[in-house]
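*Asks:* What follows is a predicted protein model with its sequence.
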Amino acid sequence: MTAQVTAQVSPQSRRAWPVQQFLGLAGILGFLLTWELIPRAGIIEPRFLPPASEVMAALIRAFGLSAFWVSVGETMIAWFLGLLIAVIAAVVLGFLIGSSAFLAKATSSSVEFLRPIPSVALIPLAVLMFGVKIESSLMLIVYASFWQVFIQVLYGVADIDMVANNTAKSYGLGRIARIRYVVFPTALPYLMTGVRLAASVALILAITAELVIGSPGLGREIALAQSGGAISGMYALVLATGLIGVLINMLMRFIEKKTLSWHSSVRSEVVV
Amino acid sequence: MTWLKSLAYLVGLPLLLMLIWWAATLGRPNFFFPAPGILMDTFGEVWFGERILSDVLPSLGRLLTGVAAAIGIGIAAGLLIGSIKWLRALLEPTLEFFRAVPPPVLVPVLMLLMGITDSMKVVVIISGCIWPVLLNTIEGVRAVDGVLSDSARTYGVAGWARVRYLVLPSASPQIMAGIRQCLSIGLILMVISEMFASSSGLGFTIVQFQRSFAIPEMWSGIIVLGLIGVAMSFIFQWTERRVLRWYHGQKEVENAG
Amino acid sequence: MLVNEKPAVMEQPMLSVRGLKKVYKTDGGDVEAVRNLTFDLRPGELACLVGPSGSGKTTLLKCISGLMTPTEGEVLLDGTRVVGPPKKMAVVFQEYGRSLFPWMRVRQNVELPLKNQGVPKAERDRLVDEALEAVGLAHVPHSYPWQLSGGMQQRVAIARAVAYQPEVLLMDEPFAAVDAQTRADLEDLIRTVWKKLRVTVLFVTHDIDESVYLGERVIILSSSPTVIQEDIIIDLPEDRDQLNTRALPRFTELRHHVYEQIQLAKKGHRPAAAVVS
């Protein structure tokens, strides 16, 4: 009966869905309008905060410039390479350490101490070793993203059902086969959560490195625009980084959903 | 002798790593990596003096102010937005966009708007690390269980009592997850706002050491940042275990069943 | 006549449902969950509401408890129209795991509604102690609900309702999710609590045996859109126990009758009065 009631009520909320989207759109427009009016009304001087329309125009102009796309490309390459290295390292080490009780216990104190070290603490070291090259960005990105994935893989391996594993053993599945059919499917949802979290952390660190160290990419362009007084351009680039962030989030959620479509429960990051 | 064993697990690997580090720097000194002894001496000299008062404490003060304000505002606004359906629908896409903006880009923006001041740095921290708290609170408020909500209503638990006894505790797992992210973003922003635009503070000092090639001093600064990170993480975990004792217990029972 | 119809003359009813109708608006048109329900409960009555699955029992209960607004008709509690959850009413839900606050210990769960009402501490303590004692949980006040078995969790929910001192106690299939043994214990607990407090109880169930064993009266609902199929008095002795009462010939007769009515309801048979209206 309860089920029937909810079945009757839910189409109502489905019908309300376009209304929600409309409201969301209205929210964005309202935000842009407020932004437009604040400098126009002189609450903040336009030379510090240009009206939204001006920034939008600058963003659209930037879309037509190859220099903009080169910067986007540089940022994205650093993001992707850093994320890739971090994920590979974290998966290899995570499965290795997670599947050995001895290694897990022996490393846990070091992990607990190394993980909270903010990656930005490595900025001076990166500058010293690599200067403004992409390696500086990579060092920060890899360090920050590695822990996100690594910890999730450890949780995932720890979650493996001992009964399932023993059943698999009793049917004569070898170590490789057990990893393939038992360990990997169990840990995959955790891994995907880790990769999703790492993807946004990697973007933050990519932009940070470019902004503070000056390695090539959008972050450096923002710093240059700011010091060069190209204020609309700076805001346009800030918007661009936000759009990239939104796209990365959407992409990661899409990949997570695709990979885990067989899985009944998609793991939440709250549990961690 | 089990405690001896767990002690060995606790310090074994760190000691081994220290030993390798010490052995590696034993021969000719490496330019990038100072020997442990030198680093220890430098650490004491550099940080146990007036720098604590002039750089470390002000940085920490800004960090705590910013993080505390972000958590407070985030939870309060999240409770409000999460409880009002149309407001949530109106604001959520915009807020999601703000969350997606990499927080470090706020440093040049706010520098422009506010100049290089202490309050600018606090505002950078607030405006960068409020989003995970805010959005997680909204999500937590939205996900309050229907039956539990009905129970509260039938017993006349409404208004502030509803927030205090139902909404806030029910959303607390999500809120704590948001706070965890908030803390690490806050620390990042504290450091880079000082590296990018400052003449004092931890971030500034460390960059100064690096620019003047004072390598052991630079490393000692990195260690200070690391210790702050570790301390924050431990305080968070300690608090979380207490606040969410019921949540972890319930999860354990569910998983066992 | 096999079954006694309800007495024609009644004192001022404690709970009165008048012409209740609930229609859900959906994309695929309106769905009429409850068509036209009218019945009264006398003060201190223990009535069971039983009907085939999908007969709008939960909808009805939500309307009575003020959690949902009926499309037509009204609910009167002690002569006053119900517009929101009334103070004199307590509800025990089926989903015990989701109706107790998992972040509060047993005692705090029972105490919260009283605290919220501003009942003084000493009075509160006494009520909570009595309620926990009454449901046999005096020994676990400091446990969290999720540390207890399903049956014990439902006892906590009942204790919370009892401590609240309601005039009407609504129960929405409260024992549907507990095992058979616990269920029998809880049924007896409800009888005991009801006899002791003489509170008006409306007990919704889909279990025919349970309705006959528990109720002083059984209201049978038709299938959706719901009207009242039949309203019968259960003339079993007031002292009931699981073994002897269930073995009485009268129990079997009544059970048989209710079962037949439910079968009729499932086939879509509707009482004459409802067809006319």
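*Replies:* Now that the structure is in, tell me what you want to look at.
*Asks:* show me what contacts C:H206?
*Replies:* A:M1, C:V50, C:G51, C:P52, C:S53, C:K57, C:E173, C:A176 (C-beta atoms under 8 Å, 6 or more residues apart in numbering or on different chains). Where you see a C-beta, it was placed from the backbone N, CA and C, and this is true even at glycine.
*Asks:* can you do 7 Å?
*Replies:* Neighbouring residues of C:H206 by C-beta atoms under 7 Å, 6 or more residues apart in numbering or on different chains: C:V50, C:S53, C:E173.
*Asks:* Can you lay out those as a markdown table showing pLDDT and secondary structure?
*Replies:* Listed next are those as a markdown table, based on pLDDT from 0 to 100; DSSP: H, G, I helix; E, B strand; the rest coil:
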| residue | pLDDT | secondary structure |
| --- | --- | --- |
| C:V50 | 90 | strand |
| C:S53 | 76 | coil |
| C:E173 | 89 | coil |
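*Asks:* anything in the host helix or strand of A:S200 near chain B?
*Replies:* Assigned by DSSP states H and E, A:S200 belongs to helix A:184-208. Yes: looking at helix A:184-208 against chain B by C-beta under 7 Å from any C-beta of the partner chain, the contacts come from A:L203, A:I204, A:I207, A:T208.
*Asks:* which among those residues gets closest to B:S149?
*Replies:* A:I204 (36.1 Å; C-beta to C-beta).
*Asks:* who's in contact with the residue found closest to that closest one once you drop the neighbours it is linked to in the chain?
*Replies:* Excluding the flanking residues, the one nearest A:I204 by C-beta to C-beta, 6 or more residues apart in numbering or on different chains is B:P102, at 4.5 Å. By C-beta under 7 Å, 6+ apart, B:P102 lies in contact with A:L203, A:I204, A:I207, A:T241, A:G245.
*Asks:* hang on, isn't the fourth one packed against A:I207?
*Replies:* Yes: checked against C-beta atoms under 7 Å, the pair A:T241 and A:I207 is within contact range at 5.9 Å.
*Asks:* Output the below-cut-off pLDDT ranges for chain A.
*Replies:* Within chain A, the stretches with pLDDT under 70 are A:1-17, A:161-165, A:261-272.
*Asks:* what helix or strand is residue 31 on?
*Replies:* Answering for chain A, as no chain was given. Per DSSP H and E, the secondary structure element for A:F31 is helix A:2-40.
*Asks:* Oops, wrong one, chain C.
*Replies:* Element membership for C:V31 (DSSP H and E) is strand C:29-41.
*Asks:* Work out the gap between that strand and the centre of the chain.
*Replies:* With C-alpha atoms, centre = their mean, to the nearest Å as the basis, strand C:29-41 stands 17 Å off its chain's centre.
*Asks:* tell me what it is packed against?
*Replies:* strand C:15-26, helix C:57-64, strand C:226-233 (3 or more C-beta pairs under 7 Å, 6 or more residues apart in numbering or on different chains; DSSP states H and E).
*Asks:* and the second one, does that touch chain A?
*Replies:* To tie it back to what came earlier, the one meant is helix C:57-64. Yes: part of helix C:57-64 sits near chain A under the criterion C-beta under 7 Å from any C-beta, namely C:K57, C:T58, C:T59.
*Asks:* can you list the residues of the stretch 151-257 of chain B near chain A?
*Replies:* B:173-174, B:177, B:184, B:187-188, B:191-192, B:195-196, B:206-207, B:209-210, B:218, B:222, B:225-226, B:229-230, B:232-233, B:251.
*Asks:* B:P14 in helix, strand or coil?
*Replies:* Look at B:P14: counting by DSSP: H, G, I helix; E, B strand; the rest coil, its state is helix.
*Asks:* swap in B:P108?
*Replies:* Secondary structure, three-state DSSP: B:P108 is helix.
*Asks:* To which secondary structure element is the nearest residue to it once chain neighbours are set aside assigned?
*Replies:* Excluding the flanking residues, the one nearest B:P108 by C-beta to C-beta, 6+ apart is A:Q226, at 4.1 Å. A:Q226 is part of helix A:218-227, with elements assigned from DSSP H and E.
*Asks:* next structured bit after that helix?
*Replies:* helix A:231-259.
*Asks:* Quick check: buried residues in that next one?
*Replies:* For helix A:231-259, the neighbour count (16 or more other C-beta atoms under 10 Å in any protein chain shown) marks A:231-242, A:244-246, A:248-249, A:252, A:256 as buried.
*Asks:* So which elements touch that helix?
*Replies:* Counting by 3+ C-beta pairs under 7 Å, 6+ apart, helix A:231-259 packs on helix A:52-63, helix A:184-208, helix A:218-227, helix B:85-100, helix B:106-114.
*Asks:* will you turn those helices into CSV that also has mean neighbour count and distance to A:A121?
*Replies:* Shown next, in CSV, are the helices and strands packed on helix A:231-259 (neighbours: other C-beta atoms under 10 Å in any protein chain shown; distance: least, C-beta to C-beta, whole Å):
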stretch, mean neighbour count, distance to A:A121
helix A:52-63, 17, 33
helix A:184-208, 24, 12
helix A:218-227, 22, 18
helix B:85-100, 19, 24
helix B:106-114, 20, 17
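*Asks:* So which residues of chain C form helices?
*Replies:* Counting by DSSP state H, residue ranges of the helices within chain C are C:57-64, C:96-99, C:106-117, C:121-134, C:150-163, C:180-197, C:208-214, C:244-247, C:249-266, C:272-276.
*Asks:* Rebuild those helices as JSON lines, extending it with distance to chain B and mean pLDDT.
*Replies:* Formatted as JSON lines, the helices of chain C follow (distance: least, C-beta to the nearest C-beta, whole Å; pLDDT from 0 to 100):
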{"stretch": "helix C:57-64", "distance to chain B": "8", "mean pLDDT": "88"}
{"stretch": "helix C:96-99", "distance to chain B": "4", "mean pLDDT": "86"}
{"stretch": "helix C:106-117", "distance to chain B": "4", "mean pLDDT": "93"}
{"stretch": "helix C:121-134", "distance to chain B": "13", "mean pLDDT": "92"}
{"stretch": "helix C:150-163", "distance to chain B": "8", "mean pLDDT": "92"}
{"stretch": "helix C:180-197", "distance to chain B": "16", "mean pLDDT": "88"}
{"stretch": "helix C:208-214", "distance to chain B": "21", "mean pLDDT": "91"}
{"stretch": "helix C:244-247", "distance to chain B": "31", "mean pLDDT": "87"}
{"stretch": "helix C:249-266", "distance to chain B": "26", "mean pLDDT": "88"}
{"stretch": "helix C:272-276", "distance to chain B": "29", "mean pLDDT": "49"}
